[in-house]
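**Student:** quick one, fold the following:
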Amino acid sequence: MRFNQGRCGCKPLAAASADDHFENMINIAQLPDRGVVAVDGPDRVAFLQGLVSNDVEQAAPGRAIWAAFLTPQGKWLADFFILVDGERLLLDVERAQAPMLVQKLSRFRLRSKVTLTDLSAEWHVHAAWDGLPAIPAGAIAALDPRLPDAGWRILSTATLDANASAEAWDSHRLALGLPDGSRDLEADKTTLLEAGFDELAGVSWSKGCYMGQELTARTKYRGLIKRRLVPVAIAGDLPPPGTPVLRDGAEVGTLRSGRDGMALATLRLDAMAAALTCGGMDLIAHPPAWLHLPGAAVTRDITSD
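**Tutor:** A predicted model of the protein is given here:
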């Protein structure tokens, strides 16, 4: 099995005109499990800046950032893309988490001039990859900031014509090793560096304080990471998420989301190159090229299988 490690040949967003057709790009899929939260008001950037893991000031028209909202103890609660829509910010977030996110963020408004609204019933989220999508009038689009091959995020009040399924996008992001919210991360448990937020441009190390920053910084600078979320291949029927990954009968990780023989799993660093099983099936870890592992962790050639 090959995991996609190519480079994207996408052109700048400005190169797409409203007269272009979606046939010009290779894949576009609607993502019904994604929702949209609007953050309005003059204090919208400063408000989010003190709460999320990335630098909100870097978000601009055509440029998204990926960020996480953490517990005060530095554990993951939600992650989302932040896109600019005129005088407001739109958060592309897991649809099931949108009400929770609005509720929890609202607790920190205090005197900030900001409003938060769940627009998931009105907006649709799409992903486009392997090419340059045409962006119709009224849609908000930006490159996925995590990896070049991740493609584009497109938000629209209209459902766009799709030539690929949400399942096809799921297979694409699994091959790249990209986490998908609560399917791969555990609330109040997962730390950002375990899930690749550092390498995937989900953390700013220079913007200043935010909730959960202390643990995130300590984890990085003290080298406290013991597990990583990595793509894996499984020979046989895919076990359900949460199934333990075993080495010589001892648990060394947990299977997360997957399909068609590919999955993500949280594995101990010292188990990356070991003979592993999951649900009675052989499992092979395929750490992607973007993943930074310590020298003691032996990695596989992901193109050899």
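**Student:** wait, is Pro239 part of a strand?
**Tutor:** No - counting by DSSP: H, G, I helix; E, B strand; the rest coil, Pro239 is not part of a strand but coil.
**Student:** so it versus Val245, what's the distance?
**Tutor:** 9 Å (Cβ to Cβ, to the nearest Å). To be clear about C-beta, it is placed using only N, CA and C from the backbone, and glycine gets the same treatment.
**Student:** what is in contact with these two at once?
**Tutor:** Common contacts of Pro239 and Val245 (Cβ atoms under 8 Å, 6 or more residues apart in numbering): 255, 278.
**Student:** of the two, who's got more company?
**Tutor:** Counting neighbours by other Cβ atoms under 10 Å for Pro239 and for Val245 shows that Val245 has the greater number, 26 against 19.
**Student:** surely the more buried one is in a helix?
**Tutor:** No - looking at Val245 with three-state DSSP, it is strand, so not inside a helix.
**Student:** pLDDT score assigned to it?
**Tutor:** Listed pLDDT for Val245 reads 98.
**Student:** so what's it up against?
**Tutor:** Counting by Cβ under 8 Å, 6+ apart, Val245 touches 232, 251-255, 265, 267, 271, 276-278, 283.
**Student:** beta partners of it?
**Tutor:** Here Val245 sits in beta bridges with Gly253, Cys278, going by DSSP bridges.
**Student:** for it, give its distance to Ala273.
**Tutor:** Distance of Val245 to Ala273, computed by Cβ to Cβ: 13 Å.
**Student:** can you pull out the helices in the stretch 51-200 of the chain?
**Tutor:** Under the criterion DSSP state H, counting those that start in this stretch, helices of the stretch 51-200 of the chain are mapped to 98-106, 166-176.
**Student:** residues contacting the first one, please?
**Tutor:** Identification of contacts with helix 98-106 by Cβ under 8 Å, 6+ apart yields 35-37, 39, 48, 51, 69, 77-78, 80, 91, 93, 116-118, 120.
**Student:** buried sites along that helix?
**Tutor:** Across helix 98-106, burial judged by 16 or more other Cβ atoms under 10 Å covers 98, 100-102, 104-105.
**Student:** over to the last one?
**Tutor:** Residues of helix 166-176 classed as buried under the neighbour-count rule (16+ other Cβ under 10 Å) are 169-176.
**Student:** which SSE is immediately downstream of that helix?
**Tutor:** helix 213-221 (DSSP states H and E).
**Student:** could I have stretch 99-113 exported to CSV, CA atoms only?
**Tutor:** Provided in CSV are the C-alpha atoms of stretch 99-113 (Å, rounded to 0.1, in the frame of the first residue of the first chain):
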residue,chain,number,x,y,z
PRO,A,99,-22.7,23.9,19.5
MET,A,100,-20.1,23.0,22.1
LEU,A,101,-17.5,25.3,20.6
VAL,A,102,-20.0,28.3,20.6
GLN,A,103,-20.9,27.6,24.2
LYS,A,104,-17.4,27.2,25.5
LEU,A,105,-15.9,30.2,23.6
SER,A,106,-18.9,32.4,24.7
ARG,A,107,-17.8,31.9,28.3
PHE,A,108,-14.7,34.0,27.6
ARG,A,109,-16.4,37.0,26.0
LEU,A,110,-16.6,39.1,29.1
ARG,A,111,-16.5,42.7,27.7
SER,A,112,-15.2,41.7,24.3
LYS,A,113,-17.2,43.1,21.4
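**Student:** how far is it from where the chain is centred?
**Tutor:** 22 Å (Cα atoms, centre = their mean, to the nearest Å).
**Student:** use 499 as the first number for this chain going forward.
**Tutor:** Sounds good: first residue 499 from here, last item stretch 597-611.
**Student:** let me see the mean pLDDT of that stretch.
**Tutor:** Averaging pLDDT along stretch 597-611 gives 96.
**Student:** also stretch 565-583?
**Tutor:** Here the average pLDDT along stretch 565-583 is 97.
**Student:** check stretch 769-780 too.
**Tutor:** Rounded mean pLDDT across stretch 769-780 is 96.
**Student:** list of residues touching it?
**Tutor:** By Cβ under 8 Å, 6+ apart, the residues outside stretch 769-780 that reach it are 726, 728, 730, 732-735, 737-738, 741-745, 750-751, 753, 763, 765, 781-783, 785, 791, 795-798.
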